[in-house]
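Trainee: okay, sequence plus prediction incoming.
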Amino acid sequence: MCRDGGNCNPRFMRSTLYTLPASQDLIKQSNLVMAVTVSPFARLRPDEAVPPLVDLGEIGPIRCHRCKAYMSPYMQFVDGGRKFRCCICESLTEVVPEYFAHLDHTGRRTDAYNRAELCLGSYEFVATKDYCKNNQLPKPPAFIFMIDVSYNSVRSGLVHLICSKIKEDILPFLPKEAGSETSSIRVGFVTYDNQLHFYNLKSSLGQPQMMIVGDVEDVFVPLVDGFLVDATESEALIDGLMELIPELFANTRTTDTVLGPVIQAGMEALKASECAGKLFVFNTSLPIAEAPGKLKNRDDRSLLGTEKEKQILSPVSDYYTKLGQQCVDAACSVDLFLFPNAYIDVATIGQVCKVTGGQIYKYSNFLADTDGQRFMDDLRADVERQVAFDAIMKLRTSTGIRATDFFGNFHMPNTSDVEMAAIDSEKGITVEIKHDDKLSVENGAVVQAAILYTSISGQRRLRVHNLGLNCSTQVSDLYRTCDLETLVNFLAKSAVRQVTTNNPKAIREVLVTQSAQILACYRKNCTNSSSSSGQLILPEGMKLLPLYANCIIKSDLLQGGSDMSTDDRSWLLYAVMSMGVSDSLAYFYPRLIPIHDVKPDSTGLPSPIRCSAERLADNGVYLLDNGLVLFMWIGLSVDAHWIQDVFGVQSAAQIDIEKAKLMELDSAVSQRVREIVKLIRSERRKHLRLFIVRQRDRLEPWFRHYLVEDAGNNGSSSYVDFLCHLHREIRNLTS
């Protein structure tokens, strides 16, 4: 649990260093990195306070007149409360009469603890018209579901699945504003193959009306009134449409599809309705039909892991990047749900999600019977997740430091504004900070992240997070307050950035060198000179840096070869780039949880063990979770009673690993195991597919690939070997 006492909850913003170096020379000497990872809408625990909403009426949010920083607990009031000194640029701003309050004997405002912006690190302001496009308050956002009805989609059961489930499993879970009983979100539906089909669902109609757009070269929206509707008011028509769509396209033989015009049409529909929104695009194949955004199959898995891999991991053209930028301008976010049986060029089409702040979901060789529940769970979670629309983030820092580089999935029209058509609770933006002058040791430094956005109900708001940091001239203080987990997040995203411009070997070498230099500086400047040079001495807060550095180096991000598909590698690059700190940590060092000895009456998750094959017992059962996939490893000598209680069969050999589903049995052990799996899944942004792996089975090498402390099949080092290698590098640097 975290209590906000003037610094924001670390779930919202974390820094690699909580004591900043006073000068640039100190950061160069240590080779450490100054960076923050911001997850502005991160999920909080039930016992943690949500940032309160402050409404100052027509005067709007109080800001510094010079740098435009927002009022915070770090602003200092002077001249009897008539002015305040900015914590960012140190200039004085006059306090408007409506906001004036007297100061007490300590120089603090008498109403400080009655105003969230004067005593908390995180809070929200209701924005005035000045913060809105064209000085007009926004309308509630909309969701548009765009369904591929080509032959592949119908054959796999996808069309029938979506249409049969959307009424009961999706639409009732449209996101609501806190305290509201109904959702303000309007919905619309489009189907497509090599042309587009819009549907009029106006509640006054007797049945849905279908309008076809055949000109995909210059796509247009055939209707505005009746396309985006209230899901409750038009419930009967939506029900009729969901029954009609599978019938209309049941005998289709169209295999060629378009994609660019589909996204373009969704964007134009939102623009015509003058609202922000999100497109849920369900797509099954490479868009090869004659239309803007047409792609060709350029897959060549043999290039993965070589110096030429950047050719196929980079977008083939900038069409989808530019389309994404247009979507951002229209406040239109795009989530792609991909169901490919072959290459679909995620590297190229994924750009539209990357730029708009959207998400890519991928279900290879999809079949409704086996993968349907996982997809519907993902779709429902995506729909009901709290989302901020039409968002602009600006990071302001104290005089002496400035934000220089930004990592994540967003669009930057200039060097300081981070724009996203939408951002949700799972997205993290990492920002590198550098010196442009010296910092004051006495005053420290402040970082303020301000996000202007449109809420679910259509209200324009500002969410502000403040983080106060110390400053020091001693290099030892930097190591003492270093946040290794945030540093790992930065190093990983920095490596992803280089994948499309550098060769993988060079990226791995940079990580080794940087890790060695960081630890060598500590050895040289912060330890007892009498200690043996053969002794490896690590900072208390960075003892696991060698472990995490090796995990990044040997991960599929940088080590992925032809044993994984090109699309899977591209998808992974996009996924890691948008991760917050906890998600990236879970990916690089998976949790390995023993469950064969859990007590049925226990609660919570069992304690994880080190991620190594040495920890696996032949009579044990273990769950491995890396945030993207979930394995259950079953040893050959597991107690037959445990197998019977959990799977309802006599032995591990009889378990149906193809279905990989836990049966709902009445036994206490079965209930406890299912509860653990449910707890793990609830912590992740997507439904984790469960793979059951028996010891010495054909899937075991894939499972062991994620035991990151061991040597990899691709020649990557074990943790112990890497630690020895890093120690040699440190000795060479310090000798």
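Mentor: Arrived safely. Numbering: from 1, shown residues only.
Trainee: tell me which stretches of the stretch 151-300 of the chain form helices.
Mentor: With DSSP state H, counting those that start in this stretch as the criterion, the stretch 151-300 of the chain has helices at 151-155, 158-165, 235-248, 260-272.
Trainee: out of those, flag the one nearest residue 205.
Mentor: Of all the helices of the stretch 151-300 of the chain, helix 235-248 sits nearest to residue 205, with 6.3 Å by CB to CB. No exception for glycine: its C-beta is placed from N, CA and C like everyone else's.
Trainee: got the buried residues for that closest one?
Mentor: By neighbour count on 16 or more other CB atoms under 10 Å, the buried set for helix 235-248 is 237, 238, 240, 241, 242, 244, 245, 246.
Trainee: next one: stretch 399-417
Mentor: Buried residues in stretch 399-417, counted by 16+ other CB under 10 Å: 399, 400, 401, 402, 403, 406, 407, 408, 409, 410, 411.
Trainee: sorry, back to before: for the helices of the stretch 151-300 of the chain, which one sits closest to residue 37?
Mentor: helix 260-272 (29.2 Å).
Trainee: quick check: the spatially most central residue of the chain vs residue 172, distance?
Mentor: Taking CA atoms, centre = their mean, the centroid of the chain lies closest to residue 427, which sits 3.3 Å from it. Distance, residue 427 to residue 172, using CB to CB, to the nearest Å: 25 Å.
Trainee: show the low-confidence segments of the stretch 501-650 of the chain, by residue range.
Mentor: Where the stretch 501-650 of the chain drops to pLDDT under 70, the residues are 529-533.
Trainee: show me the strands in it, by range?
Mentor: 591-594, 621-625, 630-634 (DSSP state E, counting those that start in this stretch).
Trainee: can you put these in a markdown table and add distance to residue 268 and mean neighbour count?
Mentor: Shown next, in a markdown table, are the strands of the stretch 501-650 of the chain (distance: least, CB to CB, whole Å; neighbours: other CB atoms under 10 Å):
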| stretch | distance to residue 268 | mean neighbour count |
| --- | --- | --- |
| strand 591-594 | 45 | 20 |
| strand 621-625 | 41 | 23 |
| strand 630-634 | 40 | 23 |
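Trainee: make JSON lines from those strands and add distance to residue 584 to it.
Mentor: As requested, the strands of the stretch 501-650 of the chain are arranged in JSON lines below (distance: least, CB to CB, whole Å):
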{"stretch": "strand 591-594", "distance to residue 584": "14"}
{"stretch": "strand 621-625", "distance to residue 584": "14"}
{"stretch": "strand 630-634", "distance to residue 584": "18"}
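Trainee: got the CA coordinates for stretch 465-484 in CSV?
Mentor: Below are the C-alpha coordinates for stretch 465-484, written out as CSV (Å, rounded to 0.1, in the frame of the first residue of the first chain):
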residue,chain,number,x,y,z
HIS,A,465,1.7,13.8,-10.9
ASN,A,466,4.6,15.4,-8.9
LEU,A,467,7.8,13.8,-7.7
GLY,A,468,10.4,15.5,-5.5
LEU,A,469,14.0,14.3,-5.7
ASN,A,470,17.1,14.9,-3.6
CYS,A,471,20.4,16.1,-5.1
SER,A,472,24.0,15.3,-4.1
THR,A,473,27.6,15.8,-5.0
GLN,A,474,28.5,12.3,-3.7
VAL,A,475,28.5,9.4,-6.2
SER,A,476,27.8,7.0,-3.4
ASP,A,477,24.4,8.7,-2.8
LEU,A,478,23.4,7.9,-6.4
TYR,A,479,23.9,4.2,-5.9
ARG,A,480,22.2,4.2,-2.5
THR,A,481,18.9,5.5,-3.9
CYS,A,482,18.9,3.8,-7.3
ASP,A,483,15.7,2.1,-8.4
LEU,A,484,16.9,-0.9,-10.3
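Trainee: average pLDDT for that stretch?
Mentor: Averaging pLDDT along stretch 465-484 gives 96.
Trainee: list the buried residues for that stretch?
Mentor: Across stretch 465-484, burial judged by 16+ other CB under 10 Å covers 465-469, 471-472, 475, 477-484.
Trainee: restricted to strands, list these.
Mentor: Counting by DSSP state E, these place 465, 466, 467, 468, 469, 471, 472 in strands.
Trainee: the fifth one touches residue 16, doesn't it?
Mentor: Meaning residue 469. No: judged on CB atoms under 8 Å, residue 469 makes no contact with residue 16 at a distance of 10.6 Å.
Trainee: identify the residues contacting residue 684.
Mentor: 583, 625, 627 (CB atoms under 8 Å, 6 or more residues apart in numbering).
Trainee: you'd agree it is in a helix?
Mentor: No: using DSSP: H, G, I helix; E, B strand; the rest coil, the assignment for residue 684 is coil, not a helix.
Trainee: re the thing from before, for the residue nearest to the centre of the chain, phi and psi?
Mentor: The phi/psi pair for residue 427 (degrees, to the nearest 10) reads phi -90, psi 140.
Trainee: now it, nearest residue through space, not along the chain?
Mentor: Nearest residue to residue 427, sequence neighbours excluded (CB to CB, 6 or more residues apart in numbering): residue 578, at 5.3 Å.
Trainee: ok, that neighbour - contacts?
Mentor: 359, 408, 409, 426, 427, 428.
Trainee: try it again with 7 Å
Mentor: 408, 409, 427, 428 (CB atoms under 7 Å, 6 or more residues apart in numbering).
Trainee: now it: how far from residue 491?
Mentor: 16 Å.
Trainee: just residue 17 next, same as before
Mentor: 14 Å.
Trainee: what ranges do the helices span in the stretch 501-650 of the chain?
Mentor: Counting by DSSP H, counting those that start in this stretch, the helices of the stretch 501-650 of the chain are 504-525, 545-554, 556-559, 566-577, 581-588, 640-647.
Trainee: can you give the contact residues for the fifth one?
Mentor: Yep, that's helix 581-588 we're talking about. Applying CB under 7 Å, 6+ apart, the contact partners of helix 581-588 are 14, 37, 428, 485-486, 488-489, 492, 548, 551-552, 555, 576, 579, 626-628.
Trainee: poorly predicted segments of this protein, please.
Mentor: Short version for the chain, where the test is pLDDT under 70: 529-533.
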